[in-house]
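Visitor: Only the shape, not the letters, is given here:
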């Protein structure tokens, strides 16, 4: 009977028990549940830091499943092939997963669904990665949103279903299928010696994510709007990492923020706006999938960005541009796998405007280095700063790193925290960069701080000239 056949749940970026609709439904079905992760054709393309962070997410989630009487099965190969083989091997009746919305994931999932359906299995995708399905939120004309503010106004008062509770028990199959050992996947191979450094800064797993949210609500949400742009302050939630890997569900975060807002916490509404900014990124990735690879505004196709990765690009990656705030941010990225949001805008502007390098260079570097890497948010963020993305501003925005430093890091706490060459006594995070970076770079804390690769006034003038001529 179908009712007794196991349900396979394919986990991708939803490594949690609570706020998981598919898992909740499966736990209430009185049928065996087989959780699986596939190292598939898309996952294999992840950068070094995301792969390392994925391994940690899997490791912690496997422990969570063990606590409810289950286990996590690991398989490697093309997703359609591996899921079909697992379904045939276990006699499963249904294969479920949480929907994804970026073009590469959609292409993979479409193939998986077709393969399974053609073979007679029931394949179903569930919501859960977003608050609002991209096709369900529409403009008054019935189209999709191309500007963030109208989308925020359209969704801010919509009901979001309460998150489902974590199952207390998952029925096991009569026989567990064979699983790959996680260490055999070697997901940490690309990190080399940097893995040890990153591990001190990652906040891994569902329990840690919920603790992080609770601490933010207790300590920082009231002043979030006023303090969030200062990179030296611990004023943000830090949840981008956990949302990226689905270790906390968006509905959980939304309802927590909404409660804080109703309780009068001043920064709560702005926090909710940031959640919807993430939604906006996926809204655009779904409706205009070219945003992940091409200029969102086609009129920018003739802008004279260079895609040549020369010595200047290497110095940008190394945090050796000679511009302290830019360099501190690039070092933060390499040491922690994170970068403060204000800093992301500054380093992206410097690369695409002052250096006139293509945003795809930065997009790919972030994809390799961020442990909160998210394909939609990364692409939209880079294009927003570069000018070719969904920015409604009627001017050509160029961030000045010097004035940004004076405004948001006046006492140079952030700069000195990560930039050893600018600190009287370098701290552990500034020094950790030299332990984490490739030996081939041959960098030392005793190296003199470099002169700027481009003058700020010169770079600004060159960018404005290129913009006027486009």
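Guide: Thanks, I have it. Fair warning: this is a prediction, and the values are worked out from it, not measured in the lab.

Visitor: where are the low-confidence patches of the stretch 51-200 of the chain?
Guide: Within the stretch 51-200 of the chain, not a single segment meets pLDDT under 70.

Visitor: for it, what spans make up the strands?
Guide: Using DSSP state E, counting those that start in this stretch, the strands found in the stretch 51-200 of the chain span residues 73-76, 94-98, 122-126.

Visitor: Would you format these as JSON lines with distance to residue 61 and mean neighbour count included?
Guide: No exception for glycine: its C-beta is placed from N, CA and C like everyone else's. Listed next are those as JSON lines, based on distance: least, C-beta to C-beta, whole Å; neighbours: other C-beta atoms under 10 Å:
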{"stretch": "strand 73-76", "distance to residue 61": "11", "mean neighbour count": "19"}
{"stretch": "strand 94-98", "distance to residue 61": "13", "mean neighbour count": "22"}
{"stretch": "strand 122-126", "distance to residue 61": "17", "mean neighbour count": "17"}
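
Visitor: now these in a markdown table, with distance to residue 458?
Guide: Output for those, formatted as a markdown table (distance: least, C-beta to C-beta, whole Å):
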| stretch | distance to residue 458 |
| --- | --- |
| strand 73-76 | 50 |
| strand 94-98 | 48 |
| strand 122-126 | 51 |
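
Visitor: so which of those gets nearest residue 377?
Guide: The minimum distance between residue 377 and the strands of the stretch 51-200 of the chain falls on strand 94-98, with 17.3 Å, by C-beta to C-beta.

Visitor: Quick one: residues in contact with that closest one.
Guide: The set of residues that contact strand 94-98 without belonging to it, under C-beta atoms under 8 Å, 6 or more residues apart in numbering, is 5, 7-14, 20-22, 25-26, 83, 87, 109, 116, 121-129, 246.

Visitor: So what are the sheet partners of that strand and their directions?
Guide: When pairs are called by DSSP bridges, strand 94-98 turns out to pair with strand 7-10 (parallel), strand 122-126 (parallel).

Visitor: give me every residue that touches the nearest residue to residue 63 once chain neighbours are set aside.
Guide: By the measure of C-beta to C-beta, 6 or more residues apart in numbering, the closest residue to residue 63 outside its immediate chain neighbours is residue 205, 7.8 Å from it. With contacts defined as C-beta under 8 Å, 6+ apart, residue 205 is in contact with 15, 56, 57, 60, 61, 63, 64, 247.

Visitor: With residue 144 as the reference, measure out to residue 106.
Guide: 15 Å (C-beta to C-beta, to the nearest Å).

Visitor: hang on, the earlier thing: buried ones among the contacts of strand 94-98?
Guide: 5, 7-14, 20-22, 25-26, 83, 87, 109, 116, 121, 123, 125-129, 246 (16 or more other C-beta atoms under 10 Å).

Visitor: Narrow these to those in helices?
Guide: Among these, the subset assigned to helices under DSSP state H consists of 21, 22, 25, 26, 83, 87, 109, 116.

Visitor: And stretch 131-141, what's buried?
Guide: By neighbour count on 16+ other C-beta under 10 Å, the buried set for stretch 131-141 is 131, 132, 134, 137.

Visitor: Arrange these in TSV, one row each, with distance to residue 252 as further columns.
Guide: As requested, the buried residues of stretch 131-141 are arranged in TSV below (distance: C-beta to C-beta, whole Å):
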residue	distance to residue 252
131	11
132	15
134	20
137	20
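
Visitor: rewinding a little: list buried residues within the contacts of residue 205.
Guide: Applying 16+ other C-beta under 10 Å to the contacts of residue 205, the neighbour count classes 15, 56, 57, 60, 61, 64, 247 as buried.

Visitor: Taking those together, which two end up most distant?
Guide: 56 and 64, at 12.8 Å, using C-beta to C-beta across the buried ones among the contacts of residue 205.

Visitor: Grab the nearest non-local neighbour of residue 364.
Guide: Nearest one to residue 364, counting by C-beta to C-beta, 6+ apart, is residue 47 at 7.9 Å.

Visitor: What is the most widely separated pair among the buried residues of stretch 131-141?
Guide: When the buried residues of stretch 131-141 are compared pair by pair using C-beta to C-beta, the two farthest from each other are 131 and 134, 10.9 Å apart.

Visitor: Now do the helices in the stretch 101-250 of the chain.
Guide: In the stretch 101-250 of the chain, helices defined by DSSP state H, counting those that start in this stretch lie at 103-118, 148-155, 182-185, 194-199, 206-219, 224-227, 240-244, 250-262, listed in chain order.

Visitor: Repeat that for the stretch 301-450 of the chain.
Guide: 311-318, 324-336, 341-349, 359-369, 375-386, 401-408, 413-418, 428-436.

Visitor: Of the ones you listed, which is nearest residue 273?
Guide: Counting by C-beta to C-beta, residue 273 lies closest to helix 341-349 out of the helices of the stretch 301-450 of the chain; the figure is 12.8 Å.

Visitor: now the angle between helix 359-369 and the closest one, please.
Guide: Per axes from the mean of the first three to the mean of the last three C-alpha atoms, to 10 degrees, the angle that helix 341-349 makes with helix 359-369 is 140 degrees.

Visitor: Quick one: mean pLDDT for helix 341-349?
Guide: Mean per-residue pLDDT for helix 341-349: 98.

Visitor: Buried residues, that helix. List them.
Guide: Neighbour counts over helix 341-349 (16+ other C-beta under 10 Å) mark 341, 342, 343, 344, 345, 346, 347, 348, 349 as buried.

Visitor: How about stretch 71-90?
Guide: Those would be 71-75, 78-84, 86-87, 90, for stretch 71-90 by 16+ other C-beta under 10 Å.

Visitor: and which of these is nearest residue 158?
Guide: Nearest to residue 158 among those, counting by C-beta to C-beta, is residue 79 at 32.4 Å.

Visitor: quick one: that closest one and residue 42 touch, right?
Guide: Yes: with contact defined as C-beta atoms under 8 Å, residue 79 and residue 42 form a contacting pair (7.5 Å).

Visitor: can you list residues touching both of these two?
Guide: Taking C-beta under 8 Å, 6+ apart as the criterion, residue 79 and residue 42 both touch residue 108.

Visitor: Run a quick check on residue 462 versus residue 356, I expect a contact.
Guide: Yes: Residue 462 is in contact with residue 356 according to C-beta under 8 Å; the separation is 6.4 Å.
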